[in-house]
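Student: A predicted structure for the sequence below; I have some questions about it.
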Amino acid sequence: MHQTPLETPLYDALRAFADERPLRMHMPGHKGIGLPLPELKGYAAIDFTETSRTGNLYAPGGPIEAAERLWADFWGSGACLFLTGGATQGLHAALSLAAGPGEAVLMDRVSHRSLHTGMALLDLRPVWLGRSWDAAAGVCGPVAPEAVDAALQAHPDCRAVVVTSPTYYGVCSDLAAIAAVCHAHGARLVVDGAHGAHLPLFFGEDENPYAAADLAVVSTHKTLPAPGQTALLFATGCSMDELRAASQLFATTSPSYPMMAALDRLRTWLACGGAERCFQAAEAVLELRERYPCLQSSPALPLDPMRLTLLTEDGFALADTLEELGLYPEMADRNHVVLIVTGADGKEQIERLAATLDTAGLAFSPAPELALDPPPEAEGVCTPRAAMLSRQVRLPLAESEGHVAAQPVAPYPPGVPVVAPGERIQKKHLAYLAQMGYNEPVTVCLS
């Protein structure tokens with residue numbers, strides 16, 4: 001990534017304006033004086049609205065765009081837009097820029113539910129892109145560039161490709177190679193990098209994998225020290241005006257200034273020791289993977305260096321045990337417990353994590369011998385839009401066979417559908433979900 005001056009134009013503008021103690025005859029209602037929670041007192045001071053001094057997220061110029069441009073340069077991308085509605089907001093905007101109503105999109109089957117809602121809102125048609133399956137690990141492998149090439153040859157009407165990297169379990173794909181394939185076919189690459197905001201730190205200058213994409217979204221709040229809902233949308237080949245216009249379709253007209261200021265300060269944190277803390281966390285994860293039964297990185301299964309995915313005979317039971325010991329995982333499924341380690345985890349937190357895993361009896365225990373099947377394929381009946389905007393009814397899972405899913409049938413997290421909106425729920429899906437320990441009611445289309 002390119003080095004940039006340690007400037008924070010947005011934070012500095014807000015702080016300087018607050019220090020002048022202006023008479024605030026505008027929103028928000030706390031007027032910078034304070035909030036009911038004493039912990040948020042400092043937050044209130046820089047919580048402004050759009051003024052001539054604070055700038056406007058959806059207008060050019062001002063301290064917000066100055067901060068966004070510094071992020072784009074730091075990232076090695078053409079443009080950057082601050083997001084205060086999470087990666088969901090960014091992914092919806094990216095889809096609207098990549099394809100038009102009624103068009104086909106080659107879509108990674110391992111996609112978060114936010115992409116399915118985006119497909120419905122924008123009336124896009126999914127053409128599903130499969131992944132390899134690692135039965136011993138019980139997870140999907142990376143998206144193969146060759147698979148993208150074959151799919152685009154078979155479906156030349158797909159003008160956009162959507163890939164998730166990394167997955168919830170930490171599996172990464174070769175985005176530069178996939179981007180080259182997409183561009184050879186005249187298609188745009190959209191990357192859901194919600195869980196990978198830290199990954200560019202682990203590559204050399206000008207080697208950021210997300211910079212190869214036409215549009216990439218990362219959730220800074222997931223793996224970096226940033227407030228909930230903060231995220232970034234990066235683009236190459238799109239102007240700031242295009243990014244703003246697309247984002248306004250899905251975003252609040254009242255974005256949080258403290259959240260945007262936190263994004264501004266986050267970049268300087270990374271440049272002033274934060275990146276080193278991430279490297280130290282990655283070294284700790286590497287050691288933890290040797291001590292506990294975990295997914296291991298390999299050429300066939302390249303992993304996020306800061307994601308620790310435990311392998312176990314019963315993920316739900318292990319998660320319960322860990323919570324009883326005071327450790328709360330990110331997620332659990334039948335055979336996995338996912339732990340997110342970040343640069344905020346110092347020596348004390350890593351030692352406590354290891355001690356808890358030891359107490360749970362995991363130290364040097366062998367990985368279970370798994371032989372899991374991938375989710376079964378599903379039959380598409382109608383478009384995501386037709387399904388998600390249809391008249392709907394909620395049914396017990398056992399009574400849903402034969403119905404068309406109106407919402408993703410997906411354990412959450414990770415929110416990846418076993419049956420996507422517009423697909424028919426079949427007996428094989430019910431059996432698979434039962435095997436996973438999932439038995440939640442589902443929303444289906446009224447026939």
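Tutor: The structure has been received and is ready for your questions.

Student: alpha carbons of stretch 326-337, as PDB, please.
Tutor: Extracted in PDB, the C-alpha atoms of stretch 326-337 (Å, rounded to 0.1, in the frame of the first residue of the first chain):
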ATOM      1  CA  GLY A 326     -16.000 -16.600  29.600                       C
ATOM      2  CA  LEU A 327     -15.000 -16.800  26.000                       C
ATOM      3  CA  TYR A 328     -17.600 -15.900  23.400                       C
ATOM      4  CA  PRO A 329     -16.900 -17.100  19.800                       C
ATOM      5  CA  GLU A 330     -18.000 -15.300  16.700                       C
ATOM      6  CA  MET A 331     -20.000 -18.300  15.500                       C
ATOM      7  CA  ALA A 332     -20.400 -22.100  15.700                       C
ATOM      8  CA  ASP A 333     -21.800 -24.700  13.500                       C
ATOM      9  CA  ARG A 334     -21.900 -28.500  13.500                       C
ATOM     10  CA  ASN A 335     -18.100 -29.000  13.300                       C
ATOM     11  CA  HIS A 336     -16.600 -25.500  13.600                       C
ATOM     12  CA  VAL A 337     -16.100 -22.700  16.100                       C
END
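
Student: what's the model's confidence in that stretch, averaged?
Tutor: Across stretch 326-337, pLDDT averages out at 93.

Student: tell me which residues of that stretch come out buried.
Tutor: 327, 329-337 (16 or more other CB atoms under 10 Å). The C-beta positions use only the backbone N, C-alpha and C, and glycine is treated the same way.

Student: cool, stretch 194-208 as well?
Tutor: Of all the residues in stretch 194-208, those buried under the rule 16+ other CB under 10 Å are 194-202, 208.

Student: equivalent analysis for stretch 285-298, please.
Tutor: 285, 288-289, 292-295, 297.

Student: what's the answer for stretch 209-220, then?
Tutor: 209-220.

Student: let's see which of those residues end up in helices.
Tutor: Judged by DSSP state H, the subset of those located in helices is residue 220.

Student: got TSV for the buried residues of stretch 209-220, with distance to residue 167 and pLDDT too?
Tutor: Shown next, in TSV, are the buried residues of stretch 209-220 (distance: CB to CB, whole Å; pLDDT from 0 to 100):
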residue	distance to residue 167	pLDDT
209	14	90
210	15	94
211	20	92
212	18	94
213	16	96
214	21	97
215	19	98
216	15	98
217	15	98
218	14	97
219	14	96
220	18	95
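
Student: quick one: which of the buried residues of stretch 209-220 is nearest residue 363?
Tutor: Set against residue 363, the nearest of those by CB to CB is residue 219 (32.0 Å).

Student: any idea how far that closest one is from residue 212?
Tutor: With distances taken as CB to CB, to the nearest Å, residue 219 is found 19 Å from residue 212.

Student: what sits against residue 53?
Tutor: Residue 53 sits next to 13, 17 when contact means CB atoms under 8 Å, 6 or more residues apart in numbering.

Student: phi, psi of it?
Tutor: phi -90, psi -30 (degrees, to the nearest 10).

Student: can you list the low-confidence ranges for the stretch 1-150 of the chain?
Tutor: For the stretch 1-150 of the chain, applying pLDDT under 70 flags the ranges 1-5.

Student: helices along that one, start to end?
Tutor: 9-19, 41-45, 62-75, 86-98, 113-122, 145-154 (DSSP state H, counting those that start in this stretch).

Student: mind giving me the packing neighbours of the third one?
Tutor: I take that to be helix 62-75. helix 9-19, strand 79-83, strand 231-235, helix 257-269 (3 or more CB pairs under 8 Å, 6 or more residues apart in numbering; DSSP states H and E).

Student: orientation of the last one relative to strand 231-235 in degrees?
Tutor: An angle of 70 degrees separates the directions of helix 257-269 and strand 231-235 when computed by axes from the mean of the first three to the mean of the last three CA atoms, to 10 degrees.

Student: ok, now the second one?
Tutor: Orientation check (the same axes, to 10 degrees): strand 79-83 against strand 231-235 gives 160 degrees.

Student: extract the CA atoms of strand 79-83 and return them as PDB.
Tutor: Extracted in PDB, the C-alpha atoms of strand 79-83 (Å, rounded to 0.1, in the frame of the first residue of the first chain):
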ATOM      1  CA  ALA A  79     -11.600   6.000  -5.100                       C
ATOM      2  CA  CYS A  80     -13.000   5.400  -1.600                       C
ATOM      3  CA  LEU A  81     -16.400   6.100   0.000                       C
ATOM      4  CA  PHE A  82     -17.000   6.100   3.700                       C
ATOM      5  CA  LEU A  83     -19.900   3.800   4.800                       C
END
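
Student: what strands flank that strand, and is each parallel or antiparallel?
Tutor: Strand 79-83 pairs in its sheet with strand 231-235 (antiparallel), by DSSP bridges.

Student: nearest to residue 447, out of the buried residues of stretch 194-208: which one, please.
Tutor: Residue 447 lies nearest to residue 194 out of the buried residues of stretch 194-208, by CB to CB, at 34.7 Å.

Student: distance check, the closest one against residue 181.
Tutor: Applying CB to CB, the value for residue 194 to residue 181 is 22 Å.

Student: hang on, the earlier thing: closest to residue 133 out of the helices and strands packed on helix 62-75?
Tutor: With CB to CB as the measure, strand 231-235 is the member of these nearest residue 133 (29.4 Å).

Student: so that closest one versus helix 62-75, what angle?
Tutor: 70 degrees.

Student: and strand 231-235, average pLDDT?
Tutor: The average pLDDT within strand 231-235 is 97.

Student: the inter-axis angle of the helix or strand following that strand versus helix 86-98?
Tutor: Remark: after strand 231-235, the chain's next helix or strand is helix 240-248, criterion DSSP states H and E. Counting by the same axes, to 10 degrees, helix 240-248 lies at 120 degrees to helix 86-98.

Student: how about helix 240-248: buried residues?
Tutor: Buried, per 16+ other CB under 10 Å, within helix 240-248: 240, 242-244, 246-247.

Student: present those as a markdown table; the columns should include pLDDT.
Tutor: Shown next, in a markdown table, are these (pLDDT from 0 to 100):
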| residue | pLDDT |
| --- | --- |
| 240 | 96 |
| 242 | 96 |
| 243 | 97 |
| 244 | 96 |
| 246 | 96 |
| 247 | 96 |
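
Student: checking the residue nearest the centre of the chain next. Helix, strand or coil?
Tutor: Nearest to the mean C-alpha position of the chain, by CA atoms, centre = their mean, lies residue 194 at 1.9 Å. Per DSSP: H, G, I helix; E, B strand; the rest coil, the local secondary structure of residue 194 is coil.

Student: no more questions from me, cheers.
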